[in-house]
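Trainee: Here is a sequence with its predicted model. Questions after.
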Amino acid sequence: MMNGGQQIVGGLLAYCFGLIGKDKAIHSWQALFISYGCLSVLWGLFVLWWMPDSPMRAKCFTEEEKHLMVERVRANQTGMQNKKFRSYQMWEAFCDPQMWCYCAIQVFTTLPTSGLGSFANIIITGFNFTELQTQLLAMVLGFYIIIVLMSSAWLVKKTQQNLLVMLGFMIPYVPFPCPPSF
C-alpha cells in the first residue's frame, strides 16, 4: 500500500513543485529530484543507524525475549542465520507449484502496474489536461491501489484463501458492452 501512498504524496509534491515559475534559477523537476534525493539519503542514514541487522542486536528486546526467540527457532528447526548454500533446497523450491504460482502473480501484477505507473502522466496529459491537473489526477491511481489492496486483504482474511484471492484480482476487468439505447 506504500506504492499507493507514494503515488498520492508524490502527486501532491509534484503539484507543489510544479507551481515554481519557469523563469527561476532551478526548474520544478530539478527541485523535485533534489528534495527526493535529500529525503532518500536522510532516510537511508536513519535506517543504517536505527535498524538492527538481526533480532539478536535489536535494542528493543530484553535478553530474556532474545533467548525465547532462539528457543522458538530451535523448536521450528529453521535456524537464526545460515549462509551456506544447499542446492537441494533450491531444487525443492523449483519443484513447488505454489512457488511458481506466486512468481506468476508477481510478474502478472508488476508488469501492468509498472507500465501504468510509468506512463500514467503521459496518458492523462493526452486527454488535454495541464501539467498541474495531470499531477493531481495521477493521485487517483494511488487511491485505487490502496482500495484494491485493502479489499484483497479483507477477502483473504474472510475466506482464508490467499492464493485464490490473488488469482481473482489478476483477472482483468472487462465491462460488458451496454445495449444500444434508442
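Mentor: Looks like it came in fine.

Trainee: thought M170 was touching L111?
Mentor: No. Judged on Cβ atoms under 8 Å, M170 makes no contact with L111 at a distance of 11.0 Å. From N, CA and C alone the C-beta is placed, and that goes for glycine too.

Trainee: which residue ranges form the helices in the chain?
Mentor: 2-18, 28-50, 63-76, 87-94, 97-125, 131-159, 162-170 (DSSP state H).

Trainee: Report the rounded mean pLDDT for the fourth one.
Mentor: Taken as a whole, helix 87-94 has a mean pLDDT of 90.

Trainee: Can you give the distance of that helix from its chain's centre?
Mentor: 28 Å (Cα atoms, centre = their mean, to the nearest Å).

Trainee: repeat for the fifth one
Mentor: Relative to the mean C-alpha coordinate of its chain, helix 97-125 is positioned 11 Å out (Cα atoms, centre = their mean).

Trainee: what's that helix packed up against?
Mentor: Contacts defined by 3 or more Cβ pairs under 8 Å, 6 or more residues apart in numbering; DSSP states H and E place helix 97-125 against helix 2-18, helix 131-159, helix 162-170.

Trainee: do you know which of the ones you listed lies nearest L39?
Mentor: Minimum separation from L39 across these (Cβ to Cβ) falls at helix 2-18, 9.7 Å.

Trainee: what bits of this structure have low per-residue confidence?
Mentor: Applying pLDDT under 70 to the chain flags the ranges 76-82, 172-182.
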